[in-house]
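Student: sequence first, then the predicted structure, then my questions.
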Amino acid sequence: APNNPDGTAAADVSDDSDTGTDTNGGTITDPESNETSEMDGSTDGDATNDSTVLLIAADPKLSTIKSITAIPNPATVGSTITYEFNTTNVGNVSLTNVNVTDAKITDLNCTAATLAVGASLVCTADYNLTQADIDAGGVTNSATGNAKDPSGNNVSDISDSTNPNDAGKPGSDDNTTTAI
């Protein structure tokens with residue numbers, strides 16, 4: 001064993017530990033005599049070398065922002081509005097099968113096989129104006145970010161908008177409104 005900083009001989013250190021708690025966090029009164037299981041439920045029959053298990057709750061979350069990057073001037077039938085979609089993994093677990101959908105942009109191709117914690121999927125797409133959009137004075141809608149968590153559960157977020165003229169508060173689910 002190496003020496004302590006003061007030069008005295010250090011005691012040997014073992015990597016065997018005993019937790020004193022079960023996998024649910026409950027106290028084990030005599031951990032040296034009670035076998036505790038690993039995270040996978042297995043045991044080795046030796047109560048003196050149980051691993052320390054820290055359970056971390058999965059918190060899968062997405063944040064989707066739909067913003068306007070280009071508006072036609074003048075607005076005519078068939079001219080395009082360009083949108084940017086930014087979907088970020090704001091949870092604490094990796095996500096898979098990530099995609100963004102938008103009811104007005106049916107050919108939107110915005111996908112990723114995996115999205116690590118803190119990573120973003122950024123895509124752009126064009127929407128072609130119709131006469132009804134021009135008659136209404138603009139286009140209002142939202143997009144949805146979708147994914148699967150490690151357990152296969154659905155994770156989704158309706159887009160927020162960065163447009164200060166939109167009705168919703170920042171950070172709330174709101175439509176992206178484009179006045180034309």
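Tutor: Cool, got the structure. Please read these numbers as outputs of a predicted model, since none were measured by experiment.

Student: what are the phi and psi values at Ile134?
Tutor: Listed backbone geometry of Ile134 is phi -70, psi -40, with angles given as degrees, to the nearest 10.

Student: could you give the mean pLDDT of the host helix or strand of Glu84?
Tutor: Assessed by DSSP states H and E, Glu84 sits inside strand 80-89. Average pLDDT, strand 80-89: 95.

Student: same question, stretch 141-154
Tutor: 95.

Student: what of stretch 126-138?
Tutor: In this model, stretch 126-138 has an average pLDDT of 94.

Student: list the buried residues of that stretch.
Tutor: For stretch 126-138, a neighbour-count test (16 or more other CB atoms under 10 Å) marks 127, 129, 133-134 as buried. Glycine gets a C-beta too; all of them are placed from N, C-alpha and C.

Student: ok, now stretch 90-110?
Tutor: If you call a residue buried by 16+ other CB under 10 Å, then stretch 90-110 has these buried ones: 91, 93, 95, 98-100, 102, 104-105, 108, 110.

Student: what's the span of it, first residue to last?
Tutor: 18 Å (CA to CA, to the nearest Å).

Student: and the contacts of that stretch?
Tutor: 56, 58-64, 66, 83, 85, 87, 89, 111-118, 121, 123, 125-127, 139, 141-150, 155 (CB atoms under 8 Å, 6 or more residues apart in numbering).

Student: quick one: terminal-to-terminal distance for stretch 108-119?
Tutor: Stretch 108-119: ends 20 Å apart by CA to CA.

Student: same thing with stretch 67-74?
Tutor: Using CA to CA, one end of stretch 67-74 lies 20 Å from the other.

Student: likewise stretch 47-62?
Tutor: Stretch 47-62 has its terminal residues 42 Å apart, counting by CA to CA.

Student: stretch 85-93 too?
Tutor: End-to-end span of stretch 85-93 (CA to CA): 21 Å.

Student: now stretch 125-132
Tutor: The stretch stretch 125-132 measures 20 Å between its terminal residues, going by CA to CA.

Student: please apply the same query to stretch 102-119.
Tutor: Stretch 102-119 has an end-to-end distance of 21 Å (CA to CA).

Student: and stretch 109-127, by the same measure?
Tutor: Span of stretch 109-127 from end to end, CA to CA: 13 Å.

Student: relative to Asp160, which of the buried residues of stretch 126-138 is nearest.
Tutor: For the buried residues of stretch 126-138, the closest approach to Asp160 (CB to CB) belongs to Tyr127, at 18.1 Å.

Student: next up, the contacts around Ile56.
Tutor: By CB under 8 Å, 6+ apart, the residues touching Ile56 are Asn92.
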